[in-house]
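Novice: quick one: sequence and predicted model below, then my questions.
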Amino acid sequence: MKSLVNQTIRDLPTSGIRKFFDIAAEMKGVVSLGVGEPDFVTPWRIREEAIFSLEQRRTVYTANAGLPELREEISRYMSSRFGLQYSPDKQVLVTVGASEGIDLAIRAVVEPGDEVLVVEPCFVSYKPCVVMAGGVPVSVPTSAANGFRVTAAEIEEKITPKTKAIMLSYPNNPTGAVLDPAEVAALAALLRQHDIAVISDEIYAELTYGDTPHTSIASLPGMYEKTIVLNGFSKAFSMTGWRIGYACGCEEIIAAMNKIHQYIIMCAPTTAQYGGLEALRNGAQSVGQMRKEYDARRRYMLDELHGMGLDCAEARGAFYLFPSIQKFGMPAEEFCGRLLQEQRLAVVPGTAFGACGEGHFRCAYAYSIDNIKEALDRLRKFITSL
């Protein structure tokens with residue numbers, strides 16, 4: 001049957017995260033810092049609203065684009081939070097997590113042979129989604145020297161007449177990098193000069209630390225029409241298993257995304273949509289509490305890593321750190337494999353997020369402080385043994 005499998009799919013590499021944790025799943029006593037999943041339970045008011053929706057027998061399909069009231073709430077949120085005005089009826093699409101939004105946005109824009117710039121390190125699905133759409137992913141590597149923040153010059157170097165779109169992800173997974181307003185403005189100044197769609201994955205927009213909040217590139221002059229903003233509820237509201245996200249953008253592209261969505265999905269899960277509605281209406285306090293706890297974990301883990309002698313750029317967003325292991329002179333996959341075998345500690349090799357992630361590994365601080373302390377003890381023992 002192998003000959004019947006689509007060759008493009010057959011040739012796609014397995015997710016670097018999934019491949020590694022399939023090994024970890026078969027081992028006993030493993031402590032993990034690898035999965036980007038909050039340890040918090042979804043706030044009760046959100047769960048209660050979802051339960052109530054079931055009790056009220058709200059179990060039928062919604063409109064393809066999502067519950068009208070949820071789209072209205074998303075529109076209000078985007079306006080109050082980022083100053084972005086989107087019509088709930090024509091410019092907002094509720095998706096099955098931000099992950100579906102990534103796939104829809106790429107397929108709605110990319111034609112066979114089109115090049116898509118992918119700023120790396122990045123979430124593992126970007127390049128495969130481009131390939132499956134018939135596009136050509138073009139890496140734009142960043143480095144620890146600049147805190148993994150992409151510059152306009154790095155992007156400009158990769159633009160060609162075939163460039164159709166660019167994938168941006170700030171706050172960044174896996175590095176935690178955040179772009180300052182001036183850096184976002186510099187990117188916008190460059191991209192305004194080109195007919196390139198901007199797919200901006202802003203799933204961690206609510207999880208920034210310090211005095212500078214997230215700046216959406218869509219909010220800058222000349223960027224509104226050409227930017228597709230992707231977001232969701234998984235990270236900020238601790239709703240990963242609910243699989244609920246959304247996309248906002250110009251009417252034409254959202255319509256194209258909805259056309260794909262209606263054929264392959266029909267609509268996002270109804271119960272999750274009611275949960276998302278409650279999250280936007282009354283979940284801000286819970287988000288603030290979780291953000292405060294993440295920040296404490298972030299500072300603790302960063303101090304501990306530095307105390308072990310590991311270089312690590314300060315993450316100012318999301319809930320990941322990306323320490324350097326270059327001093328040990330071994331590939332990231334070997335380092336992480338030995339760490340798993342010798343200390344039963346699971347982290348993700350930086351190469352899972354692009355070639356420029358070599359010499360690093362990703363560790364999440366979305367776990368409880370007790371879990372983090374145990375994990376860091378094991379990491380310290382391993383480093384000492386080296």
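Specialist: Happy to help now that I have it. Residues are numbered from 1 along each chain as shown.

Novice: chain center to the lowest-mean-pLDDT helix or strand in the chain, what's the gap?
Specialist: Least confident helix or strand, the chain: helix 16-25 with a mean of 72, by mean pLDDT, DSSP states H and E. How far helix 16-25 lies from its chain's middle: 19 Å, per Cα atoms, centre = their mean, to the nearest Å.

Novice: in terms of secondary structure, what does that helix contact?
Specialist: helix 332-343, strand 345-346, strand 348-349 (3 or more Cβ pairs under 8 Å, 6 or more residues apart in numbering; DSSP states H and E). To be clear about C-beta, it is placed using only N, CA and C from the backbone, and glycine gets the same treatment.

Novice: mind listing what's buried in that helix?
Specialist: 16-17, 20-21, 24 (16 or more other Cβ atoms under 10 Å).

Novice: go on, stretch 350-360?
Specialist: 350-354, 356-357, 359-360.

Novice: quick one: mean pLDDT for it?
Specialist: Across stretch 350-360, pLDDT averages out at 97.

Novice: what's the span of that stretch, first residue to last?
Specialist: Stretch 350-360 stretches 5 Å from its first residue to its last (Cα to Cα, to the nearest Å).

Novice: need the contact partners of that stretch.
Specialist: 15-17, 20, 118, 120-124, 139, 141-144, 173-174, 322-326, 331-333, 349, 361-362 (Cβ atoms under 8 Å, 6 or more residues apart in numbering).

Novice: just the ones in helices from these, please.
Specialist: Mapping these onto helices (DSSP state H) picks out 16-17, 20, 332-333.

Novice: picking that back up, out of the helices and strands packed on helix 16-25, flag the one nearest residue 201.
Specialist: Across these, residue 201 has its closest neighbour in strand 348-349 (18.0 Å, Cβ to Cβ).

Novice: that closest one pairs with which strands, and in what direction?
Specialist: Paired neighbours of strand 348-349 in the sheet (DSSP bridges): strand 361-364 (antiparallel).

Novice: coming back round to it: just give me the closest of the buried residues of helix 16-25 to residue 274.
Specialist: Taking Cβ to Cβ as the measure, residue 274 lies nearest residue 17 of these, at 30.1 Å.

Novice: spit out the contact partners of that closest one.
Specialist: 34-35, 124, 348, 352.

Novice: buried subset of these, written for ChimeraX?
Specialist: A single ChimeraX command selects the buried members of the contacts of residue 17 (16+ other Cβ under 10 Å):
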select :34,124,348,352
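
Novice: closest one of the contacts of residue 17 to residue 340?
Specialist: Residue 340 lies nearest to residue 34 out of the contacts of residue 17, by Cβ to Cβ, at 9.5 Å.

Novice: and the pLDDT at that closest one?
Specialist: Taking residue 34 on its own, its pLDDT is 86.

Novice: quick check, it in a helix?
Specialist: No: under DSSP: H, G, I helix; E, B strand; the rest coil, residue 34 falls outside any helix and is assigned coil.

Novice: ok, now which ones touch it?
Specialist: So residue 34 contacts 17, 20-21, 24, 346-348, 362-364 (Cβ under 8 Å, 6+ apart).

Novice: what is the nearest of these to residue 131?
Specialist: residue 17 (17.5 Å).

Novice: distance check, the closest one against residue 35.
Specialist: 8 Å (Cβ to Cβ, to the nearest Å).

Novice: can you check residue 340 too?
Specialist: 14 Å.

Novice: could you list the domains of the protein?
Specialist: For the chain, automatic domain parsing gives the domain ranges 2-42+285-385, 44-283.

Novice: return the distance of the first one from the chain's centre.
Specialist: Read that as domain 2-42+285-385. 15 Å.

Novice: what's the answer for the last one, then?
Specialist: Once both centres are worked out by Cα atoms, centre = their mean, domain 44-283 turns out to sit 9 Å from its chain's centre.

Novice: so for that domain, mean pLDDT?
Specialist: For domain 44-283, mean pLDDT is 97.

Novice: other SSEs contacting the top helix by length along the chain?
Specialist: If you go by DSSP H, the chain has its longest helix at helix 284-307. Other helices and strands packing on helix 284-307, by 3+ Cβ pairs under 8 Å, 6+ apart, are strand 320-321, helix 369-385.

Novice: of these, which is nearest residue 204?
Specialist: Between the helices and strands packed on helix 284-307, strand 320-321 lies closest to residue 204; by Cβ to Cβ that is 9.2 Å.

Novice: and the closest one, what other elements does it pack with?
Specialist: helix 284-307, strand 361-364.

Novice: pipe these into JSON lines and attach distance to residue 276 per row.
Specialist: Converted to JSON lines, these look like this (distance: least, Cβ to Cβ, whole Å):
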{"stretch": "helix 284-307", "distance to residue 276": "13"}
{"stretch": "strand 361-364", "distance to residue 276": "23"}
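
Novice: which among these is found nearest to residue 42?
Specialist: Closest to residue 42 of the helices and strands packed on strand 320-321, according to Cβ to Cβ: helix 284-307, at 8.9 Å.
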